[in-house]
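K.L.:
The following comprises the amino acid sequence and a computationally predicted model.
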Amino acid sequence: MEKLSNKERMKIKRQTMPEQDSTKRRNNFLEVNLGFTEELARMEALRCIQCPKPTCVEGCPVNVKIKDFIALVAEGDYLGAAAKIKEDNMLPAVCGRVCPQEEQCEVKCVVGKKNDAVAIGRLERFVADYERQHSGAKIPEIKKKTGKKVAIIGSGPAGLSCAGDLIQMGHEVTVFEALHELGGVLIYGIPEFRLPKEIVKAEVESLKKLGVDFQTNAVIGFTDTIDELFQNGYDAVFIAVGAGLPHFLKIPGENLNGVYSANEFLTRVNLMKAYKFPEFDTPVFHCKDKNVAVFGGGNTAMDAVRTSKRLGAKNAYIIYRRSDVEMPARKEEIHHAQEEGIEFIFLSNPVEFIGDKNGWLKGVKVQKMELGEPDASGRRRPVPIEGSEYIIDIDMAVIAIGNGSNPIIQKTTPDLQFNKWGNIVVDEATMKTSKQGVFAGGDIVTGGATVILAMGAGRKAAAAISEYLNGINKK
Amino acid sequence: MYKILFAEFIAPNVKKFKIEAPKIAKKRKAGQFVIIRVDETGERVPLTIADSNVEEGSITIIAQSVGKTTKQLNELETGDYIHDVVGPLGKPSHIEKFGVAVSIGGGVGTAIAYPTAVALKQAGNYTISIVGGRSKEYVILEKEMKEVCDEVYVTTDDGSYGYHGFVTQKLKDLIDAKRQIDFVLAIGPIPMMKAVAEVTRKLKIKTMVSLNPIMVDGTGMCGGCRATVDNKTVFVCVDGPEFDAHKVDFEILERRNRTYREDEELALKNFAKKIHEPALVEEEEKESE
Ligand SMILES: Cc1cc2nc3c(=O)[nH]c(=O)nc-3n(C[C@H](O)[C@H](O)[C@H](O)COP(=O)(O)OP(=O)(O)OC[C@H]3O[C@@H](n4cnc5c(N)ncnc54)[C@H](O)[C@@H]3O)c2cc1C
Ligand SMILES: Cc1cc2nc3c(=O)[nH]c(=O)nc-3n(C[C@H](O)[C@H](O)[C@H](O)COP(=O)(O)OP(=O)(O)OC[C@H]3O[C@@H](n4cnc5c(N)ncnc54)[C@H](O)[C@@H]3O)c2cc1C
Ligand code: SF4
Ligand code: SF4
Ligand code: FES
């Protein structure tokens, strides 16, 4: 590694990642961020002062060995760096792109106290992309076959990471996925311009090479129940079905034509490729030259509104009932949205959708809000201002106010314990549920969270499942 | 990929398929459906499981070509493959011994009503079925219905076969003849289901209809299939597809089903061009007037 003093390192500015120009990108679905070049990556890596006590690692939910991988990047050993990250994070190409780094690893970076934090996420992304584009991920060694079989329900980050670990421990693994494509939210929710689907496909391919069996079009609960999985010879089950139940606003006019849940809008566009209609058969509302409003302030809302812009929306609004500081979306996404011409309407709450005589959405009545006392989440609670209602003309609305948990598993597995929100109750250390041999993790346990947390839960469960399997004797 | 073991037209534009899907065959119950995707660029569309054969590991679906996807499906032959088939989805029909149960199928709706009629019979009901079609050639599953039901009436709109009139008129006749009716199942075009609901509403005869909103995933994840029943929003794919006819808001359903009208016409036209069927293009143009 180049011998630089900490002072010299601190002088290096945080490298900017090249990105597609905002006037161009608002018309296409190609990735916005273009990634570091080798030069930029090494320069950025030199900014890390290699702390004896790297606090950054504590900020990462799965404790990626950040200091060590960055040292390898600085030395130019990118494949070594990739291997180092993968000791803890199975999906670095994904997490490097979508982790809320600014509030996890990077916020804890020492350099960030005085200057800008080391761009840990971007380095992670660079390393993972380098590995995929060069050597191709090398196939890890697989332990001797144990003869034990595990069924994993759901192919989102929790399911995929659990599958990856278990197969390497020598167990047989089948992943059951309800949809026709693998990847969960990474495929149907997060848009191409933020996470190219090719990356998710590459992750799935490498698991296939390791011997993971994937069964699409399998809705567990309907196609097979969990008990039937056991009857079919599986020794353990991991439930990773995510948080797939869209919340609606429950206001008048919500069933007008042109009102979507974020899940439906994004699924049509991402999974079904409606943005390529009629080459692909699935249609979606023609946003071209229309006014679109997205309700909500999280990543999902940003994804939906930026998607509508790319579909040609004239005006695309985010309508959020709190103020900008309370918005849960990543700063980077908000910033990108602003650059792309998205308009933000804060402290406004929809109270009614208004339709034309044919039942098509024409406008939304919103009520202005002011911020009151902090609520349980510590955020200041929005309070409606009487008599402040006004109408915004819109042609399409997307409701992105979060997801509850899908009840299919609950309804078909009576002996599994759920909490009152429909999340599965688990032992936090082992992800064990109330049902023998059944484990759960990811959004179905936590409620809508993050990719890295889901991935971490999948790995934690894999370790516990393996221990459980080694303790049981096959009949 | 799911193999088509057998395919044949049973009425103009209505084709019956046996598809290899052993798991679904074993699990399915009356009233449930599958979602299929014909090919890699295809749309996900729901179709009711009309029948199944566990030994053969097959399910039967009956599709009427109304647009691009069903048209494309109905071009497939024995030995071809369907890219994706997922199911069984939806809640099974609520079956109990009601007494006298009348199953009404309009057009391809008969295919959807058929499995439930079978289950109603098996549950010990005296079963009557009314099978309607535009004209003689559109009447489907008459023979199959006759095998399971105690009485079968065929109606045609033009009188070319059976009773001359709508299914609702036949139902009214039964009511006027003071026949005991304890339960009605009505499946077909929305105006038909609405009309049946009006006939039975006054008499407080329990009536179920199977709703056909536009679906995407079929697992309750997108909310696109929402309908209004009893003034509440339901997700038809997981809460249904069968609901109390007297509580359904058919106007909203009808309206939401029109959401993609223009796109659907374009897709169909493109497909007709692709398979060199100019007649179809013109025919559709006439119909949409
Ligand atoms: C639009 C959007 C944007 C987001 N952006 C970010 C971001 O920028 N950064 C971030 O960290 N997080 C983000 N998230 C959150 C993140 O995607 C989720 O926390 C994460 O994907 C959860 O992973 P999971 O494995 O628990 O479930 P999921 O990814 O939801 O996967 C669950 C899978 O299980 C399948 N399934 C469900 N039921 C069944 C069944 N009965 N049988 C078989 N299969 C079933 C589903 O089809 C799905 O494929 C975003 C979420 C959304 C919706
Ligand atoms: C639970 C259920 C069971 C059904 N069972 C049968 C059956 O057994 N046999 C049969 O012939 N038809 C059945 N249908 C209707 C069938 O799904 C539609 O005719 C088909 O989707 C039309 O697609 P298309 O591309 O051919 O036509 P399009 O031209 O795309 O659409 C024609 C009409 O079909 C409806 N439709 C379009 N796309 C969808 C979609 N993705 N999901 C649902 N409806 C859509 C709309 O009302 C539209 O106006 C069922 C529908 C539901 C919801
Ligand atoms: S996984 Fe996420 S939080 Fe952890 S180091 Fe990587 S970018 Fe940071
Ligand atoms: S805290 Fe920052 S400077 Fe220290 S090791 Fe981590 S990334 Fe490097
Ligand atoms: S089809 Fe998506 S929720 Fe019913």
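P.N.:
Perfect, I can see it now. Ligands and ions are numbered 1, 2, ... in the order given.
K.L.:
what's the distance between the residue lying closest to residue A:402 once chain neighbours are set aside and residue B:171?
P.N.:
The shortest distance from residue A:402 to any non-neighbouring residue, by Cβ to Cβ, 6 or more residues apart in numbering or on different chains, is to residue A:247 (5.2 Å). C-beta coordinates here come from the backbone N, C-alpha and C atoms, glycine included. Between residue A:247 and residue B:171 the distance, using Cβ to Cβ, to the nearest Å, works out to 41 Å.
K.L.:
out of those two, which sits in the more crowded spot?
P.N.:
Neighbour count, other Cβ atoms under 10 Å in any protein chain shown: between residue A:247 and residue B:171, residue B:171 has more, with 25 against 17.
K.L.:
What count of nearby residues applies to the nearest residue to the more buried one once chain neighbours are set aside?
P.N.:
Take residue B:171 and drop its neighbours on the chain: the residue closest to it by Cβ to Cβ, 6+ apart is residue B:199, 5.6 Å away. As a burial measure, residue B:199 scores 20 neighbours (other Cβ under 10 Å).
K.L.:
One more: residue A:276?
P.N.:
13.
K.L.:
Just the pLDDT at it, thanks.
P.N.:
The per-residue pLDDT reported for residue A:276 equals 91.
K.L.:
which residues of the stretch 151-289 of chain B fall in helices?
P.N.:
Taking DSSP state H, counting those that start in this stretch to define them, one finds helices in the stretch 151-289 of chain B at B:167-176, B:190-201, B:236-239, B:250-257, B:261-274, B:278-287.
K.L.:
I'd assumed residue B:3 was in contact with residue B:79.
P.N.:
Yes: in this structure, residue B:79 is within contact of residue B:3 by Cβ atoms under 8 Å, at 7.5 Å.
K.L.:
Compare those two (neighbour count), which wins?
P.N.:
residue B:3 (14 against 10).
K.L.:
Provide a list of residues in contact with that one.
P.N.:
Shown in contact with residue B:3 (Cβ atoms under 8 Å, 6 or more residues apart in numbering or on different chains): B:19-20, B:79-81.
K.L.:
can you check residue A:220 too?
P.N.:
Taking Cβ under 8 Å, 6+ apart, one finds A:151, A:153, A:176, A:178, A:226, A:229, A:241, A:408-409 in contact with residue A:220.
K.L.:
now residue B:157
P.N.:
By Cβ under 8 Å, 6+ apart, the neighbours of residue B:157 are B:132-135, B:165-166.
K.L.:
Equivalent analysis for residue A:216, please.
P.N.:
Per Cβ under 8 Å, 6+ apart, neighbours of residue A:216: A:177, A:179-182, B:84.
K.L.:
Go back to the residues you listed and keep what's next to ligand 3.
P.N.:
Here nothing survives when those are matched to ligand 3 using Cβ under 6 Å from any ligand atom.
K.L.:
Low-confidence bits of chain A, can you list those?
P.N.:
A:1-2, A:136-138, A:473-475 (pLDDT under 70).
K.L.:
Report the residue ranges of every domain in it.
P.N.:
Annotated domains of chain A cover A:6-134, A:149-244+A:404-474, A:248-401 [automatic domain parsing].
K.L.:
Between the two ends of the shortest one, how far is it?
P.N.:
Using Cα to Cα, to the nearest Å, the span of domain A:6-134 from its first residue to its last is 32 Å.
K.L.:
and it, anywhere near ligand 1?
P.N.:
Yes: Domain A:6-134 comes into contact with ligand 1 (Cβ under 6 Å from any ligand atom), by way of A:98-99.
K.L.:
Drop anything exposed from the contacts of residue A:216.
P.N.:
A:177, A:179-182, B:84 (16 or more other Cβ atoms under 10 Å in any protein chain shown).
K.L.:
Just give me the closest of those residues to ligand 4.
P.N.:
residue A:182 (32.8 Å; Cβ to the nearest ligand atom).
K.L.:
ok, the closest one touching residue A:204?
P.N.:
Yes: if you go by Cβ under 8 Å, residue A:182 and residue A:204 touch, sitting 4.8 Å apart.
K.L.:
what do these two both touch?
P.N.:
Common neighbours of residue A:182 and residue A:204 (Cβ under 8 Å, 6+ apart) are A:155, A:160, A:214.
K.L.:
What about the residue in the stretch 251-400 of chain A that ligand 2 sits nearest to, how many residues nearby?
P.N.:
Relative to ligand 2, the nearest point of the stretch 251-400 of chain A is residue A:281 (6.8 Å; Cβ to the nearest ligand atom). Per other Cβ under 10 Å, the neighbour tally for residue A:281 reads 27.
K.L.:
would you say it is within a strand?
P.N.:
No: assessed with DSSP: H, G, I helix; E, B strand; the rest coil, residue A:281 is coil; it does not lie in a strand.
K.L.:
show me the residues around the one residue in chain B that gets nearest to ligand 3 that make contact.
P.N.:
Shortest chain B-to-ligand 3 distance, computed as Cβ to the nearest ligand atom: residue-wise this is residue B:221, at 25.9 Å. Applying Cβ under 8 Å, 6+ apart, we find residue B:221 in contact with A:244-246, A:263, A:267, A:406.
K.L.:
quick one: it from residue B:240, how far?
P.N.:
15 Å.
K.L.:
measure residue B:230 to residue B:220 for me?
P.N.:
18 Å.
K.L.:
give the contact list for residue 90.
P.N.:
With no chain named, the answer covers chain A. A:160-161, A:164-165, A:203, A:455, A:458-459.
K.L.:
Chain B was what I was after
P.N.:
Contacts of residue B:90 (Cβ under 8 Å, 6+ apart): B:31-33, B:218, B:236-238, B:240-241.
K.L.:
Just read off the phi/psi values of it.
P.N.:
Note on residue B:90: its backbone torsions stand at phi 80, psi 170 [degrees, to the nearest 10].
K.L.:
And for residue A:218?
P.N.:
phi -120, psi 100.
K.L.:
The nearest residue to residue B:97 once chain neighbours are set aside: neighbouring residues, count only.
P.N.:
Leaving aside its sequence neighbours, residue B:97 sits nearest to residue B:124 (Cβ to Cβ, 6+ apart; 4.6 Å). Per other Cβ under 10 Å, the neighbour tally for residue B:124 reads 13.
K.L.:
any idea how far residue B:124 lies from residue B:179?
P.N.:
18 Å.
K.L.:
and residue A:450, how far is that from residue A:238?
P.N.:
From residue A:450 to residue A:238 the distance is 19 Å (Cβ to Cβ).
K.L.:
from the shared contacts of residue A:182 and residue A:204, which is closest to ligand 5?
P.N.:
Using Cβ to the nearest ligand atom, the shared contacts of residue A:182 and residue A:204 come closest to ligand 5 at residue A:155, 17.8 Å.
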